[in-house]
Structures are given as structure tokens and as C-alpha cells.
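Engineer: fold the stuff below for me.
(chains A and B)
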Protein chains: 2
Amino acid sequence: MEKKIIIVGAGLVGSLWAVYMRKAGYKVVIYERRSDIRKAEISAGKSINLALSERGWNSLKTAGIKEDIEKIAIPMTGRVMHSEEGELTYQAYGKKDEAIYSVSRGHLNAIMMNLAEKKGNSEIHYQHQCIDADLKNGKITLKNLKTNEIFEDKADVVFAADGAYSAIRYNSMQKVDRFNFSQFYVEDGYKELLLPAGSMGEYQIEKNALHIWPRGRFMLIALPNEDGSFTCTLFMPYENHKYAFNDLDSDEKIDTFFKTVFPDFYNLMPNLIDNWHQNPLSSMSITRCYPWTVGKFALLGDSAHSTVPFYGQGMNAGFEDCFIMWKLYKKYDNWEDTFREFQIVRKPDGDALQDLSLDNYYVMRDHVADENFLLQKKIEAKIHENHPDKWVPLYTQVSFSNIRYSEAYKNGKRQEKIMQKIMKIPNIKEIWNSKEIEEKIISMI
Amino acid sequence: MEKKIIIVGAGLVGSLWAVYMRKAGYKVVIYERRSDIRKAEISAGKSINLALSERGWNSLKTAGIKEDIEKIAIPMTGRVMHSEEGELTYQAYGKKDEAIYSVSRGHLNAIMMNLAEKKGNSEIHYQHQCIDADLKNGKITLKNLKTNEIFEDKADVVFAADGAYSAIRYNSMQKVDRFNFSQFYVEDGYKELLLPAGSMGEYQIEKNALHIWPRGRFMLIALPNEDGSFTCTLFMPYENHKYAFNDLDSDEKIDTFFKTVFPDFYNLMPNLIDNWHQNPLSSMSITRCYPWTVGKFALLGDSAHSTVPFYGQGMNAGFEDCFIMWKLYKKYDNWEDTFREFQIVRKPDGDALQDLSLDNYYVMRDHVADENFLLQKKIEAKIHENHPDKWVPLYTQVSFSNIRYSEAYKNGKRQEKIMQKIMKIPNIKEIWNSKEIEEKIISMI
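Structural biologist: Modelled structure (predicted):
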């Protein structure tokens, strides 16, 4: 009998996992609640921070589809910070050849679906909602949203790649005895805006960078698109702060807000108000749970460890899940052992990914424009340059390496302790580039 | 038009709230998933630690049904600790007239249902499962489990008193944007055993006490029943410890276990093995969430703040919820303001209740038999005796007062800090009863 798996969700992780599973000779059946993204208009407001980095690339490469994605990826070699006065400050993410890559979620998803189908006739069934799951027997109940027909399907194993609000997790796993679960919303929401290309199709601001307008308790960011436009996202509290979404309740207030706090952006942005009203205000949450595998079901990606987008690692972590699952499957050649080890190995990394994302939320919001923060990063970059085997900055570990998230998180904490001591040296601004400081740091490692 | 409320769940909190609402002139309709507890056999294994204390009594009194419950309540004035050698140590819970009261969950529930119906023809519909809720419009969808009929009902407001695994919370509230939620299982499970009355119907161990066999990482407790028997509960890890439920996988091991670690209990207990197999092994979890009210729905009791049973406060907190909700309703005379203030005022107390329960889990397990712990409690009792306005022990605040849980928790932390310093005094065992120590403590408050 042909080996068969079911994947619930044809998003980024689901479609990549389909490619992997075809390689293993499985018949792959995918059920997706939404319509075919390739035929529908791509829904706006849901593409924040799709920044591909090393872990994502590593998994795409292993699946054999790296080249296909490279064609649509725009390298961003650093952050450009925009002050209220319109001054720009540049901070490289890593060494010269190191970059994270801006990709459109919709475009990426469409390519992956094509590849999943092409690499060996996976069936993708759209507008099929998963309404129930028999965890023990690998069975799911589906509703065809076009015909309202209800039917069952069954496979050797089922992967729930159905996102932060996973139906399989909500409707089935969460009701399993001793299943730990939490969903926690941060007090900020986000709203997308599209900064169009200039009149000649040109990029209005530096193409190969991630732009940030840090303003303390809120911020705007922008990532380049292929057509010269930028997808911009405003992150801000819902309420109870000087600036808050719920207080921007008239067009006039919105206009004044942007004119006041993001003047350079305001000057580049036509139809600000229309743009504002086109896109929804969305919330952000962290969901943690355990176990990640129950019976013949496994959670993959956001359904297991959805996070806030502030390290740009949500997608990369999901892709890395596929890579880890794949490695274990090759090691064991059976799902029972693969599932057992997958969650034991991978859960600490899911937790660390979320802790990193939350920490970086505060960094981007509160510190990224800070003089001391920039100096600290400059010192760390220098130590890394001179002692690459002894000091790898946290951002580099997370974005440009495949070190486990949990390891990176621990290393980052250690480094932060050292750097806090260094930054307290009274004349650090003058002597930061000295041999003395370099040796002091090395001795503290 | 007659004012109408719906209560989902005819458990302890639901039936008490029905009594309250009849007082306010509401038509009360209750839907309960299970069968009528008064006609069915009371399900075993679900009655741990039903210890009524001040908050519970206070709410029963306000509802006008205190006297009805007093008839079935057995006072427990202190803890009796049983050592492995069979030695007994007694520790009073409070002053002479202060006691917590052992009540049978089933019996209590039956009386409350009778009272709810009697105090003004509430309708209780059994075997009705709530399968959906329209939070905004105060509507619920029900399934009559006897006929499989599905129908809707609607009320001014709906109260979800449907327990730790609340259907309304799982199926509706949890899917509301920005609803924070967590369910966390402790690593221990519990199993009930029934220690029968002696051959003459007499209590085999002290009637007016809560018995504890503390053994470090696990413990057995016993609460008196009206018929001379005791409901006993073994709390123990599922796995990964010297003694664990999953390792007690043969009758021989179970027998040896009791004989070894609870010899005095073992000698009193006939049919241990049968008893063991009759009752299920159950898990324990803490569920936290917020908001507690959405639209026309409010969570009450365990559905809002279910906790582990180690402070004996789960039911008392649920009853106190009713009291607080009632006070606010009388203040505002409308549900919108009542709901708004209820959750703001009460959420910190729900959180504190859970923190207290978790802390007491460690106290009962690890410290209750400890010499230093007993001395510390003795000192605190003395200070309380001499300075009742300055020092009220935490247990007394929680069990014998109506001080807010959140206040009690903070006070307890402050007291613990003082006592930790006192207990470090080298010859404290000799001088604990001195004027010097008394003055030192008073000066530190």
C-alpha cells in the first residue's frame, strides 16, 4: 500500500513540508481552509516581517528548492533608522556578505504550492475546513466549504500546519488530558500600509535595508518589495498610551499623527488615509503548548509555537521544524520515534524563539535608536570580527547560523551580562576601540 | 417583560448563583450537561478538598442559605499529621473557634439545586450540552442529549459556571481576538480512596481534623464524611520520581507501597486494591484567562480561575465570585457596569488564589511535617494572639477572613520575609517564646 500523509494547511510550512514528504515517497494530501491563494487576490495586512534568513534557506536547500525562492528574495544587509528629524543611521546586520531577505508572503506561498504540486502530484484541496480529528487513528473530518459536504480522510500520520489558531490544536489536542497551552496577546496591534514606488518605479528609500522609525513605545518598519514599493507596518499599543490605535479615531488625527512623528515617511506617502482604512488592525499573540505530537498527529510551525514578529524568525522557525522533522525521520524511518524525539528536541527551541522575539520587541521599540545600544553593537561587531570563534553576536547566531535557538538564547544572555559591565566603564565612549577593552571582554567570556 | 438569565452549569457555583438571581427577581434557566446528581449515583473521584471556609459561608449567608448547609458540614479545627512511624502531630488552623468544614460535594450540590428550585422555580434542564454561544446577543445553542434536538435560548445575560473545562470558554470566548488564556497541568495527579467507618460506625481516626500523611514529594490526605468514613486522596507525580502513579502498575506494588509509606493508614484500610481500581487517576490544572466577561456573557468560578486544590479554596472562591457579582449588581443595577467592574476588581484575586494554591502545594508536600515550619507557625500564632491587629497569619487571612486574596497574598509575602529573618536567629528554638523575639517581629512589620 502506498504510504500517505495528510497536511492540514497549505501555508508556507505546509507547502514546504509537502515538498519534503514527496521526496520520501509519500502520497501527500493537503487540506486548506482558504481559497487558492494563486487565484485569489492576496489578502493584505498579513505579511509582516517576512524576512528569510539562514535557517529558512537551509531548509529550502535541503528540500531542493532554494534556487526557486532566490529569484524573488531581496537582500537587506542592515537596518536604516529614521529619526523624527529625518536623520538616517545605518546598522549592518552582520558581515558584508550577510543579509536577511525580504520576500512577499503571497508570492512565496504561491511558488511553494506550485513546487509541492510539481515535485510529485500532491493534491491540494482548497476551501476544506478541518472540523474534527481522531488523534489516535490519524483520521480527520472535513467540511467542503463549497458543497457543505462532510467527509473523513485518514493517513499514516497527519501534520497540522494550520497556523497560530490551529483548528486541530483548538478542537482536539487542547482537550487531551494534561495538554498544556497558553495564548498571550501583547498589548500592541499592527496595521500595514503600502508605500508605493516612485513615479519612475524607483525605490523611494534605500532598497537593500529594513527601515525602522523607532519612537519609544511604538514604531514603523518597512520592507522592500520587488516592484519598488515597501510593505510598511505600524506597531503600536491599542490603548492606554500617549499614542494608541484606539485614539486615532478620525482622519484628521491619523494625518496629524504621521505628520508629527514620521515626517519623512509622511512626505513620501500618498493616500495615507485611504491606505489606513484599507488594511485591518491586527493583534499579535504568542501561543505555547506541549506536547506537540499526540497519537498520529504532529504540530508544525505556528500551530506549535506562533510568535510575535520582532525577530523575523516565525517563518524561519517553521521551515527549520521541517528540516528537523526530516532529519529525524531519516534517522528512524518510523513516525513513532520521529514524533517522540521531535518534540523533546525541538520544544526548548520553540520556547527560546518566542523569548527572543519578545526581547527583540523591546529592543526594536526602545533601544534601537539609542546611542549606547549602537555603541554596544559596534563593540560586539569588532570583537566578532577579531575573534569569530569566541564571540558571535546574538543577532548573527539567530539569523546567520543554524545554532539551536535555545543555545543562542543562552549565549545571548551570557554576552549581555558581559556587555553590561563593559558599557558601565565610565569612559567607554572614548576607549571602546582599545586593545584593553578587547582583552577585557575576551577574558570575561 | 420578565427579566431572564441563563446559567450554564448546575454545579456548586451555578446553583448558588441561581439562588442569588431569584432574589433579584430574575427568571433563571439552568442548563447542565450531566444528569441530575440527585437521581444518579454521585460520581466518585471528584470531591477532593471540599473544605468550606469563611468566604464560602459569607456568600451562603448573603444568599440566605447558610443554615441549610450547616446541617451537613463537619468542622475541622486543625491538621493531624501522620508520620511514617505512625506518630501524630496536631496543628490548629486558627484560634479555638476557627475551623474549616468538610462537606460532600454531591450532598452540597444536591441541597443547592433543591434550594435553587425551591427559592423560586428556577428551571434546571439536565443532559443539555451547550454547543455554541453568540456572545454579543446573549444567545446559546443547546443540544438535548436525550433527544439529540438542537435549539437556541436567549437571555439578558448568560453566566458560564461550567467549570475548568468550560464549553463557553473553549468554544466561544477563546476564539475572541485578544483573549488571553492558559491551561497548565501540574506534574502530579490524584486518586481517591474511601476509608470506611469502623465496625460500629465510628470514625477510625480523629473526626474533627484534616489528616495529612506528608511524604515529601507526595502525600495522602483525608477529610471526614458524615457517615464515619473519610474521603482520602493520594497526590503523587505521574512519573519520573521515586514513587509515581505510572510505576504502581501491579496490585503487588500498590500493596507494598501503602504498607511501606502509609503503614497506619494501611492497617485501617480494607479492600485497598479494589478501592484503588474503582477510582480514576485524575489530573490537576490551573486555567487563567482574561477578560472574564465578553458581551452578555460572564465566567463564574472555575471557568474563570480553576485552581489546584491545595488551599481548599476553589469552591470558596467561586462562592465569593457570586457575592462580589451580587454586590456590584446591587450597586449598579445594570449588567454592563457590573460586568465591567467585576472582572477588573476580581481578576487579581483569581490570580492570587491560584498563586496561593500553588504555594500551599509545596507547603503541604514538603514542609508541613518540618520541625522548623511547625515552630514558625507556632511563633506566628503567638504574635497573632498577642497582636491580632498587627499580625494575622496567612492561613487565617485566606480561610477565616474576607480580606481580598490579592491582599492576603501580598501580606503573606511580607510576613514570610520577616519570619525568614527570625528563623535564622541561631538559638531561635530556645528563645522563640521571649519578649525579645516578639518585639523584634513587631518592629519589623
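
Engineer: mind checking the SS state of the residue in the stretch 51-200 of chain A that chain B sits nearest to?
Structural biologist: Residue nearest to chain B within the stretch 51-200 of chain A (C-beta to the nearest C-beta): A:Ser182, separated by 3.4 Å. For every residue, glycine as well, the C-beta is placed using N, CA and C. Secondary structure, DSSP: H, G, I helix; E, B strand; the rest coil: A:Ser182 is strand.

Engineer: could you do A:Glu152 as well?
Structural biologist: Following three-state DSSP, the label given to A:Glu152 is strand.

Engineer: what sits against it?
Structural biologist: Listed by C-beta atoms under 8 Å, 6 or more residues apart in numbering or on different chains, the contact partners of A:Glu152 are A:139-142.

Engineer: format those residues as JSON lines; extra columns: neighbour count, pLDDT and distance to chain B.
Structural biologist: As requested, the contacts of A:Glu152 are exported to JSON lines (neighbours: other C-beta atoms under 10 Å in any protein chain shown; pLDDT from 0 to 100; distance: C-beta to the nearest C-beta, whole Å):
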{"residue": "A:Lys139", "neighbour count": "18", "pLDDT": "97", "distance to chain B": "21"}
{"residue": "A:Ile140", "neighbour count": "26", "pLDDT": "97", "distance to chain B": "19"}
{"residue": "A:Thr141", "neighbour count": "15", "pLDDT": "97", "distance to chain B": "16"}
{"residue": "A:Leu142", "neighbour count": "20", "pLDDT": "97", "distance to chain B": "19"}
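
Engineer: could you dump those residues to TSV with secondary structure?
Structural biologist: As requested, the contacts of A:Glu152 are exported to TSV (three-state DSSP):
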residue	secondary structure
A:Lys139	strand
A:Ile140	strand
A:Thr141	strand
A:Leu142	strand
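
Engineer: dump these to a markdown table, plus distance to B:Pro280.
Structural biologist: Shown next, in a markdown table, are the contacts of A:Glu152 (distance: C-beta to C-beta, whole Å):
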| residue | distance to B:Pro280 |
| --- | --- |
| A:Lys139 | 26 |
| A:Ile140 | 28 |
| A:Thr141 | 28 |
| A:Leu142 | 33 |
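
Engineer: and which of those residues is nearest to A:Arg365?
Structural biologist: A:Ile140 (40.5 Å; C-beta to C-beta).

Engineer: quick one: name the residues of the stretch 251-400 of chain A near chain B.
Structural biologist: A:283, A:285 (C-beta under 8 Å from any C-beta of the partner chain).

Engineer: can you pull the contacts of the residue of the stretch 251-400 of chain A at minimum distance from chain B?
Structural biologist: Of all residues in the stretch 251-400 of chain A, A:Ser283 sits closest to chain B, with a separation of 5.1 Å (C-beta to the nearest C-beta). By C-beta under 8 Å, 6+ apart, the contact set of A:Ser283 is A:185, A:189, B:177-178.

Engineer: select only the buried ones of the residues you listed in ChimeraX?
Structural biologist: Applying 16 or more other C-beta atoms under 10 Å in any protein chain shown to the contacts of A:Ser283, the buried members can be selected in ChimeraX as follows:
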select /A:185,189
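
Engineer: could I get the contacts of A:Ser283 as JSON lines with secondary structure?
Structural biologist: Shown next, in JSON lines, are those (three-state DSSP):
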{"residue": "A:Tyr185", "secondary structure": "strand"}
{"residue": "A:Gly189", "secondary structure": "strand"}
{"residue": "B:Asp177", "secondary structure": "coil"}
{"residue": "B:Arg178", "secondary structure": "coil"}
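
Engineer: shouldn't A:Ile422 be in contact with A:Lys440?
Structural biologist: Yes. With contacts counted by C-beta atoms under 8 Å, A:Ile422 reaches A:Lys440, the gap being 6.9 Å.

Engineer: give me the distance between A:Ile30 and A:His128.
Structural biologist: Going from A:Ile30 to A:His128 by C-beta to C-beta, to the nearest Å gives 9 Å.

Engineer: for the spatially most central residue of chain A, list the residues it contacts.
Structural biologist: The residue lying closest to the centre of chain A (C-alpha atoms, centre = their mean) is A:Gly314, at 2.6 Å. Counting by C-beta under 8 Å, 6+ apart, A:Gly314 touches A:49, A:302, A:306-307, A:357.

Engineer: again with A:Ser285
Structural biologist: So A:Ser285 contacts A:164, A:183-186, A:306, A:308, B:178 (C-beta under 8 Å, 6+ apart).

Engineer: 10 Å - rerun?
Structural biologist: Residues counted as contacts of A:Ser285 (C-beta atoms under 10 Å, 6 or more residues apart in numbering or on different chains) are A:164-165, A:182-186, A:306-308, B:177-181.

Engineer: do the same with A:Phe323
Structural biologist: For A:Phe323, counting by C-beta under 10 Å, 6+ apart, the contacting residues are A:16, A:20, A:55-56, A:58-63, A:402.

Engineer: do A:Ala73 as well
Structural biologist: A:50-52, A:56-57, A:66, A:99-104, A:107-108, A:226.

Engineer: cutoff 6 Å now
Structural biologist: A:52, A:101, A:103 (C-beta atoms under 6 Å, 6 or more residues apart in numbering or on different chains).

Engineer: next step: the residues you listed restricted to strands.
Structural biologist: Of these, the ones assigned to strands by DSSP state E are A:52, A:101.
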